[in-house]
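In: whatever this is, show me its structure:
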Amino acid sequence: MGTVTKTRCAWCNKDELYQAYHDEEWGTPSHDDVHLFEMLNLEGAQAGLSWYTVLTKRENYRKAFDKWDAKKIVKYDDKKIATLLENPGIIRNKLKVNAVVTNAKAYLKVQEEFGSFDKYIWSFVGGKPILNKFTGLGQVPAKTAISDAMSKDLLKRGFKFVGSTICYAFMQATGMVNDHVQGCWKFKK
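Out: Next up, the predicted model:
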């Protein structure tokens, strides 16, 4: 009896780590504030790099940034930042590391204003996922009018590394948009 293989989106066939991320997380709606905060920052860390590079460092990021506890992150001082910049387990880019602290402050303000980050961020898609019906990766956009609006509003609120392309990748990662292509076992009709 042979093993049954799942047909997946072509981008994730590199290895088991990528496949597990695709199968268990990417395109699956997330309403957990901490997870949403993590993914926004990790997508920002990806800027100029591959998602795979960030994904392989994800556990290191969780340890380095106190499991994405924004209330702890906002208290990071210059000494803590210097320690982070020496950590080989994360991307040691000063602007990106400082952005996490800045984003933690903005994130806490959003939670205070809206009751949760989830309520705020999901408002961009009317509270429910956008289900696309692409047949191939070449049809998937890098950004949309919605990611443009999200980026503009996040920037206005003081977030960093939240350009439209980063926002669209964040939307895909957290299931705000489902871009699993037709033929993928995760595609929803």
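
In: tell me which element the residue positioned nearest the centre of the chain is part of?
Out: What sits nearest the mean C-alpha location of the chain, by Cα atoms, centre = their mean, is residue 39, with 2.9 Å. If you go by DSSP states H and E, residue 39 is part of helix 33-46.

In: pretty sure the residue nearest to the centre of the chain is touching residue 33, no?
Out: No: contact criterion Cβ atoms under 8 Å: residue 39 and residue 33 do not qualify, at 10.9 Å. Where you see a C-beta, it was placed from the backbone N, CA and C, and this is true even at glycine.

In: hang on, the earlier thing: and the residue nearest to the centre of the chain, what pLDDT?
Out: Looking at residue 39, its pLDDT reads 98.

In: now the one 5 residues further on
Out: Residue 44 is assigned a pLDDT of 96 by the prediction.

In: related to what we said a few turns ago, what's the helix holding residue 39 packed up against?
Out: Judged by 3 or more Cβ pairs under 8 Å, 6 or more residues apart in numbering; DSSP states H and E, the packing partners of helix 33-46 are helix 51-56, helix 58-64, helix 94-114, helix 117-122, helix 164-173.

In: quick one: which of those is nearest residue 130?
Out: Between residue 130 and these, the shortest gap by Cβ to Cβ is with helix 164-173, which sits at 8.0 Å.

In: quick one: that closest one to chain centroid distance?
Out: Taking Cα atoms, centre = their mean, to the nearest Å, one finds helix 164-173 lying 7 Å from the centre of the chain it belongs to.
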